[in-house]
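Enquirer: I would like to see how this sequence folds:
(chains A and B)
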Amino acid sequence: MVRFEKVKLTYDNSGTLALDGVDLKVDEGEFVFLVGPSGSGKTSLMKLITGEVRADSGKVIVNDFDMMRIRRRKLPKMRRTLGVVFQDYRLIENMNVYDNVAFAMRVVGASGRDIRRRVPYVLELVGLEGREKRLPSELSGGEQQRVAIARALVNSPRMIVADEPTGNLDPVRSLELMLLFEKINEMGTTVLVVTHEKELVNAFAKRVVKIEDGHVISDGGEGYFSYE
Amino acid sequence: MIREGFRSIKTHGLMSFATVTIIMACLIIMGSVALLALNIDRLIDDLEDQNEVVAFVDDGLADEEEAKAIGNEILKVNNVSSVEFVSRAQAMENYMSKYDKSLMEGIDETVFRHRFIIKLHNIEMLKETKLALEEVPGVAKVRAHQEYANTFVRIRNIVSGVSLVLMAILVFVSMFIMSNTIKLATFSRREEIAIMKMVGASNGFIRLPFVIEGLVLGILGGGLGFLAQWGLYNLVTGSLMDSLAEGFLSPVQFMDVAPMVLVIYLAIGVLIGVFGGVNAIRNYLKV
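Expert: Numbers count the residues shown, from 1 in each chain, chains lettered A, B, ... in the order given. Got it, this is the predicted structure:
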């Protein structure tokens, strides 16, 4: 669940105004595409959600955490309610598929028994059964991104946020990946996907939030957007 | 998590090796300076011990027993560590043994006075002690080499000053090198740390393997540094003894200071290792 009210964000070092009065509401269980050209503020919005940056003013609520007031010490707790997926997968190169996913559970202090039960289930969900022992370098881009999604899912987050998850994939793999996100959403997890791939967005009848120059310029136009 | 620490030492073998080597090198350089200073200090101690104060007994107290009794009074004087009575007969004998006997012909022992050989705790207070000794009833005259004492005090002050400054510089330099080495080692793990942060690892959880790693590397560096220092010290003092000033120089035995050196090396190693580890990842934890 995400609530943005009149959110303003400038970057200290450059003074650039990244977001200027953004209002956004994503409810529990929704599937939302966040679209816009590069430099529009999509990634800044993501960073506000994950707590990597803090807004100058306004109101930012993520999964019941007040991100304007949250203490640094509490950030790990908040992040456990999120699953984050990046364009460049961000897997640990010297760990195999299984360990990359299990690692995320170990980090939050899950028991060995829970890990052994949960990881194979998630790997099967994303379609990677039988690849547990492979290293990331031995996988295709689509498979690597599935590992990243499995890692994001493994701690049962309330929401998945994905920043250009198909940026490095061909159209067929991209479509498969979106279908996976749709499946995850149908299982009850909120999904927020940042992308600039028009065809992909148009292939799904989902809510589309358009952002440009730090403003939300349209919200809700299901299934279609253009850059005009 | 302890396993994580060990695992990362293994997987970052080259960096671990560099870290241990640098801890070792810094410790050996620091230790060598400290041991040199210690040896100079001991040497001065020895020389100081040879710088005795002699108190001559008044001729009026010719009787040996009476003269001896003054020793107790002398011992009460501040800064006196030991008193040795030398009778005029002994004094003459000592004198005769040093010089040609023919010079002494016809001279009897009454030329010499009974005397006390006095050793002091602190040579810096020689002047005051000498004055106090002269006040003791029955003491006729006190002989002391003020100028030697001054020289020793000066040398000691210079040595301890120089070694302190050197050690301070070395501690600073080694901290800097350590921090940079570990920073290099952790640079490659920025990604790993960023991922850990993203999935909600607490800072303590992320830090712990680095702390354990620093601890293990510190202990390794300290231990190996100790062994290397031991070998090096014995090598240097051994060849020094062989080549020059045999008998004059008596270096401190390494075994006498070994437990202290080991404890200090391990402590500094652990300190540098843990501090370096924590410091190096501090920036990555801010996200």
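
Enquirer: sketch out the low-pLDDT regions of chain A for me.
Expert: A:221-228 (pLDDT under 70).

Enquirer: residue contacts, the residue minimising distance to the centre of it?
Expert: What sits nearest the mean C-alpha location of chain A, by Cα atoms, centre = their mean, is A:Val161, with 1.7 Å. By Cβ atoms under 8 Å, 6 or more residues apart in numbering or on different chains, the residues touching A:Val161 are A:46, A:49-50, A:82-85, A:192, A:194. No exception for glycine: its C-beta is placed from N, CA and C like everyone else's.

Enquirer: among those residues, which are in helices?
Expert: Counting by DSSP state H, the part of these found in helices is A:46, A:49-50.

Enquirer: tell me, which of those make contact with chain B?
Expert: Applying Cβ under 8 Å from any Cβ of the partner chain to the ones in helices among the contacts of A:Val161, one finds that A:Thr50 fall near chain B.

Enquirer: most neighbours of all the ones in helices among the contacts of A:Val161, which one?
Expert: Among those, A:Ile49 has the most neighbours (other Cβ atoms under 10 Å in any protein chain shown), with 25 neighbours.

Enquirer: hang on, isn't it packed against A:Val194?
Expert: No. With contact defined as Cβ atoms under 8 Å, A:Ile49 does not count as touching A:Val194 (10.0 Å).

Enquirer: show me what from chain A comes close to chain B.
Expert: Within reach of chain B by Cβ under 8 Å from any Cβ, chain A has these residues: A:50, A:52, A:76-80, A:82, A:84, A:90, A:92, A:94, A:103-104, A:107-109, A:151, A:155.

Enquirer: remind me which helix or strand B:Ile22 belongs to.
Expert: With secondary structure defined by DSSP states H and E, B:Ile22 is part of helix B:13-50.

Enquirer: that helix near chain A at all?
Expert: No. Residues of helix B:13-50 contacting chain A under Cβ under 8 Å from any Cβ: none, with a closest distance of 12.6 Å.

Enquirer: what's the average pLDDT for that helix?
Expert: If you average the pLDDT over helix B:13-50, you get 80.

Enquirer: then stretch B:75-83?
Expert: The model assigns stretch B:75-83 a mean pLDDT of 80.

Enquirer: and what of stretch B:251-270?
Expert: For stretch B:251-270, the per-residue pLDDT averages 87.

Enquirer: and the most centrally placed residue in chain B, how far from B:Tyr233?
Expert: Geometric centre of chain B, nearest residue: B:Leu38, 3.1 Å, by Cα atoms, centre = their mean. Distance, B:Leu38 to B:Tyr233, using Cβ to Cβ, to the nearest Å: 11 Å.

Enquirer: quickly find the element holding the most far-flung residue of chain A relative to its centre.
Expert: Going by Cα atoms, centre = their mean, the residue of chain A most distant from its centre is A:Arg113, 27.4 Å out. Per DSSP H and E: A:Arg113 is located in helix A:112-125.

Enquirer: likewise for A:Val161?
Expert: Judged by DSSP H and E, A:Val161 forms part of strand A:159-163.

Enquirer: for A:Leu24, state which of the ones in helices among the contacts of A:Val161 is nearest.
Expert: A:Ile49 (9.8 Å; Cβ to Cβ).

Enquirer: which ones are touching the closest one?
Expert: Residues in contact with A:Ile49, defined by Cβ under 8 Å, 6+ apart, are A:2, A:60, A:62, A:67, A:82, A:161, A:192.

Enquirer: right, and B:Lys130 touches B:Ala55 too?
Expert: No. Using Cβ under 8 Å, B:Lys130 is not in contact with B:Ala55, being 9.1 Å away.

Enquirer: flag every residue of the stretch 51-200 of chain B that's near chain A.
Expert: B:191-192, B:194-200.

Enquirer: now a PyMOL select for only the buried ones of these.
Expert: Selection of buried members from these for PyMOL, criterion 16 or more other Cβ atoms under 10 Å in any protein chain shown:
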select buried, chain B and resi 192+195+196+197+198+199+200
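
Enquirer: how about the residues of the stretch 51-200 of chain B next to chain A in JSON lines, adding distance to A:Arg117?
Expert: Shown next, in JSON lines, are these (distance: Cβ to Cβ, whole Å):
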{"residue": "B:Glu191", "distance to A:Arg117": "28"}
{"residue": "B:Glu192", "distance to A:Arg117": "25"}
{"residue": "B:Ala194", "distance to A:Arg117": "28"}
{"residue": "B:Ile195", "distance to A:Arg117": "23"}
{"residue": "B:Met196", "distance to A:Arg117": "22"}
{"residue": "B:Lys197", "distance to A:Arg117": "26"}
{"residue": "B:Met198", "distance to A:Arg117": "23"}
{"residue": "B:Val199", "distance to A:Arg117": "18"}
{"residue": "B:Gly200", "distance to A:Arg117": "20"}
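
Enquirer: tally of neighbours for B:Asn78?
Expert: Residues lying near B:Asn78 (other Cβ under 10 Å) number 11.

Enquirer: how about it, what does it touch?
Expert: By Cβ under 8 Å, 6+ apart, B:Asn78 lies in contact with B:125, B:128-129, B:132.

Enquirer: if any of those are buried, put those into a ChimeraX selection.
Expert: To isolate the buried subset of these in ChimeraX, counting by 16+ other Cβ under 10 Å, use the following:
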select /B:129,132
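
Enquirer: and the helices in chain A?
Expert: Under DSSP H, chain A gives helices at A:42-50, A:75-79, A:97-107, A:112-125, A:141-153, A:171-186, A:198-202.

Enquirer: B:Met30 is nearest to which of those?
Expert: helix A:97-107 (38.6 Å).

Enquirer: tell me the gap between that closest one and the middle of its chain.
Expert: Offset of helix A:97-107 from its chain centre (Cα atoms, centre = their mean, to the nearest Å): 18 Å.

Enquirer: quick one on the thing from earlier: now, of the residues of chain A next to chain B, which are buried?
Expert: The buried subset of these - by 16+ other Cβ under 10 Å - is A:50, A:52, A:76, A:78-80, A:82, A:84, A:90, A:92, A:103-104, A:107-108, A:151, A:155.

Enquirer: farthest pair in the residues you listed?
Expert: Maximum distance among those (Cβ to Cβ): 22.7 Å, for A:Met78 and A:Ile92.

Enquirer: and the next helix or strand past the helix holding B:Ile22?
Expert: strand B:53-57.

Enquirer: first vs last residue of stretch A:33-44, how far apart are they?
Expert: One end of stretch A:33-44 sits 15 Å from the other (Cα to Cα, to the nearest Å).

Enquirer: touching that stretch from outside, list them.
Expert: A:9, A:18-19, A:22, A:45, A:53, A:163, A:192-196, A:198, A:201, A:204, A:206-214, A:225, A:227.

Enquirer: now stretch B:40-47
Expert: With Cβ under 8 Å, 6+ apart, stretch B:40-47 has contacts from B:152, B:155-156, B:159-160, B:249-252.
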